[in-house]
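Asks: one predicted model, sequence on top.
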Amino acid sequence: MNRPPRSIDVPGASHKAPIPAAARVANVLCTSAVSGKDPAGGALPEEAAAQARNAFANLRAVLDAGGAALADVVKLSVTVNDESVREAVNEQWLACFPDPRDRPARHITVQALQHGMQLQLEALAVIGG
C-alpha cells in the first residue's frame, strides 16, 4: 500500500506560498527550494556567503525534521542568480561534504531569483540508503 506524501515544515525555513519545506514518502525525502534567509528573524542577508551559510543550515534543519541527515542526501540541486555565488556555495559544500569519496551528486543552474535571493538548494535524500 502506498502512503501519501508527508509534508514537512520547519519554523524559519518555511515558504510564504502554501507549499511544505519538504515531503517524505517511505524513506525518500524531497525538499522544496531552501533559501538563505536567517531562520531566527526571516531576514535575507545581502551577502552571498551569509545566504549560503543560512541555506545549508536551513537544509540541515529541514532534513532533520524529516528524519534525514546530510549523509542521506543523494542529489543536491543548486540555483544561483550569478556565477559569482558559486564560490560561497562551494565553501559550504566542502564544509558539509569534506570527503570527496562520499559526496552526493550536485548540479548548479544559473537563473534569476526573486526578492534578493542569491541561491536556493533542493535536495533529494534516501534515508537509511
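Replies: Cool, the structure landed. Being a predicted model, the structure only gives us computed values, none of them experimental. Residues are numbered from 1 along each chain as shown.
Asks: give me the distance between the closest residue to residue 126 other than its chain neighbours and residue 85.
Replies: Of all residues not flanking residue 126 in the chain, residue 74 sits nearest, at 5.4 Å (CB to CB, 6 or more residues apart in numbering). For every residue, glycine as well, the C-beta is placed using N, CA and C. Using CB to CB, to the nearest Å, we find residue 74 at a distance of 23 Å from residue 85.
Asks: and what of residue 10?
Replies: Counting by CB to CB - residue 10 and residue 85 are separated by 23 Å.
Asks: residue 8 too?
Replies: Using CB to CB, residue 8 is found at 26 Å from residue 85.
Asks: equivalent analysis for residue 48, please.
Replies: 5 Å.
Asks: can you pull the residues that touch both of these two?
Replies: Taking CB atoms under 8 Å, 6 or more residues apart in numbering as the criterion, residue 48 and residue 85 both touch 118, 119.
Asks: quick one: list the elements packing against the helix ranked longest in the chain.
Replies: If you go by DSSP state H, the chain has its longest helix at helix 48-65. When contacts are defined as 3 or more CB pairs under 8 Å, 6 or more residues apart in numbering; DSSP states H and E, helix 48-65 packs onto strand 22-25, strand 28-31, helix 86-96, strand 119-126.
Asks: in JSON lines, list those along with distance to residue 107, mean pLDDT and mean neighbour count.
Replies: Below are the helices and strands packed on helix 48-65 laid out as JSON lines (distance: least, CB to CB, whole Å; pLDDT from 0 to 100; neighbours: other CB atoms under 10 Å):
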{"stretch": "strand 22-25", "distance to residue 107": "19", "mean pLDDT": "94", "mean neighbour count": "19"}
{"stretch": "strand 28-31", "distance to residue 107": "15", "mean pLDDT": "96", "mean neighbour count": "22"}
{"stretch": "helix 86-96", "distance to residue 107": "11", "mean pLDDT": "98", "mean neighbour count": "17"}
{"stretch": "strand 119-126", "distance to residue 107": "10", "mean pLDDT": "98", "mean neighbour count": "22"}
